[in-house]
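>>> Give me a 3D structure for the following:
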Amino acid sequence: MIDELVGFGQDILQRLENLLTLSYAQMVALPDSQLVRIEEVDAWLDRVAAHIQAEWTADEAARLERRRQRFREDIERQRGTEIDRAFRFTKDVVGLLAELQKRSQIQSTKESTVVQTSVLFVAADPSDAARLRLGEEFREIQSELERGRLRDQFVLELPQLATRARDLSGALLNYRPTVVHFSGHGTEAGALVLEDAVGRAQPAPPEAVAGLFEVLAGTVKCVVLNACFSEVQAMAIANHVPHVIGMNNSVSDLAAIAFSVGFYQAIGAGATYQVAYRMGCLQIDLRGIGEGLKPVYMSDSSGD
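Numbers count the residues shown, from 1 in each chain. Okay, here's the model as predicted:
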């Protein structure tokens with residue numbers, strides 16, 4: 001819109017400038033396309049005023065009004081000819097629009113260079129293990145990110161469900177996520193439970209999973225292991241990822257979902273990962289589930 005208004009104003013300005021060099025007889029001989037009608041100037045000004053009122057602050061609207069006031073004063077005091085007054089006024093308004101256009105372009109450039117945070121949801125619910133409410137957890141995460149103040153800065157990738165070992169490595173390599181959220185089972189020895197080719201439980205050795213994140217060091221900033229007994233795995237991953245969260249015991253579905261709600265509600269509002277962790281724990285406590293001490297946060301001193 002502002003580009004169109006600037007372009008139209010510059011066209012009016014060019015025709016007025018040409019008229020300033022002509023005599024009355026020469027102006028009378030000009031075709032209508034080279035003249036400037038007061039109706040088109042008024043229509044242009046109405047569009048300028050409507051745009052500034054809708055898209056900019058009261059300060060910019062006041063600046064336009066001051067220019068109109070100066071124009072009215074020029075008419076009352078008969079400063080210059082009618083064309084000269086129109087030329088000065090149009091040039092003044094085009095200058096204001098050009099300034100706003102430049103500010104708009106700078107803002108668009110800043111917004112386009114904002115690095116988005118990619119969130120990858122990875123889940124496994126083997127057929128030979130207790131069933132989990134993983135779909136509900138994903139929907140809660142999606143809902144909180146969509147409602148967050150910074151929702152445009154987050155991309156929730158296609159969820160990886162019924163995840164096998166090959167699926168996990170493939171998703172990490174292809175999506176290069178900022179946040180990896182694993183939801184599922186964990187063994188008492190600290191291994192995450194993935195699925196085999198027929199959907200049965202297949203524990204993944206903690207050192208092997210940590211190796212995946214070592215390969216992707218610098219890309220992944222936070223890993224959330226929303227699985228029972230995942231603290232051991234979290235400690236291994238923390239050697240390569242700045243922020244990692246695991247569970248120091250078995251955790252119920254209700255607590256796991258509550259933690260996700262609090263955590264993603266916080267990062268969607270721009271909180272740090274550590275603050276988001278605390279909000280996840282508090283969300284468990286607020287619901288009276290009594291498992292708020294099970295999530296464990298670990299971070300290296302250089303993590304951002």
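
>>> Excluding residues flanking it in the chain, which one is nearest His185?
Nearest non-adjacent residue to His185, counting by CB to CB, 6 or more residues apart in numbering: Val193, 4.0 Å away. Glycine gets a C-beta too; all of them are placed from N, C-alpha and C.

>>> Helix or strand for that neighbour, just tell me which one.
Element membership for Val193 (DSSP states H and E) is strand 192-195.

>>> Then Val119?
Secondary structure assignment for Val119, by DSSP H and E: strand 117-123.

>>> Name the surrounding residues that touch the helix or strand following that strand.
Once strand 117-123 ends, the next helix or strand along the chain (criterion: DSSP H and E) is helix 134-147. The contact list for helix 134-147 (CB atoms under 8 Å, 6 or more residues apart in numbering) reads 119, 121, 123, 125, 151, 154, 156, 159, 161, 181, 183-184, 226, 256-257, 260-261, 264-265, 268.

>>> in helix 134-147, what's buried?
Neighbour counts using 16 or more other CB atoms under 10 Å place Leu134, Glu137, Phe138, Glu140, Ile141, Glu144, Leu145 of helix 134-147 among the buried residues.

>>> and that helix, C-alpha only, in PDB?
Extracted in PDB, the C-alpha atoms of helix 134-147 (Å, rounded to 0.1, in the frame of the first residue of the first chain):
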ATOM      1  CA  LEU A 134       1.100 -39.200  23.200                       C
ATOM      2  CA  GLY A 135      -1.400 -37.600  20.800                       C
ATOM      3  CA  GLU A 136      -2.800 -35.500  23.600                       C
ATOM      4  CA  GLU A 137       0.600 -34.300  24.600                       C
ATOM      5  CA  PHE A 138       1.400 -33.300  21.000                       C
ATOM      6  CA  ARG A 139      -1.800 -31.400  20.700                       C
ATOM      7  CA  GLU A 140      -1.100 -29.500  23.900                       C
ATOM      8  CA  ILE A 141       2.400 -28.500  22.700                       C
ATOM      9  CA  GLN A 142       0.900 -27.400  19.400                       C
ATOM     10  CA  SER A 143      -1.800 -25.400  21.200                       C
ATOM     11  CA  GLU A 144       0.600 -23.600  23.500                       C
ATOM     12  CA  LEU A 145       3.000 -22.600  20.700                       C
ATOM     13  CA  GLU A 146       0.200 -21.300  18.600                       C
ATOM     14  CA  ARG A 147      -1.200 -19.200  21.400                       C
END
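
>>> Relative to the following helix or strand past that helix, what are the paired strands and their orientations?
Remark: after helix 134-147, the chain's next helix or strand is strand 154-156, criterion DSSP H and E. Paired with strand 154-156 in the same sheet, following DSSP bridges, are strand 117-123 (parallel).

>>> got the angle for the strand it pairs with vs helix 134-147?
Between the axes of strand 117-123 and helix 134-147, defined by axes from the mean of the first three to the mean of the last three CA atoms, to 10 degrees, the angle is 170 degrees.

>>> what's the strand holding Val119 in contact with?
Applying CB under 8 Å, 6+ apart, the set of residues contacting strand 117-123 is 134, 137-138, 141, 145, 153-157, 159-163, 168, 171-172, 175-184, 264, 267.

>>> related to what we said a few turns ago, may I see the PyMOL selection of the buried members of the contacts of helix 134-147?
Buried subset of the contacts of helix 134-147, written as a PyMOL selection, criterion 16+ other CB under 10 Å:
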select buried, resi 119+121+123+125+154+156+159+161+181+183+184+226+256+257+260+261+264+265+268
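
>>> So Leu100 lies in a helix, does it not?
Yes. Per DSSP: H, G, I helix; E, B strand; the rest coil, Leu100 lies within a helix segment.
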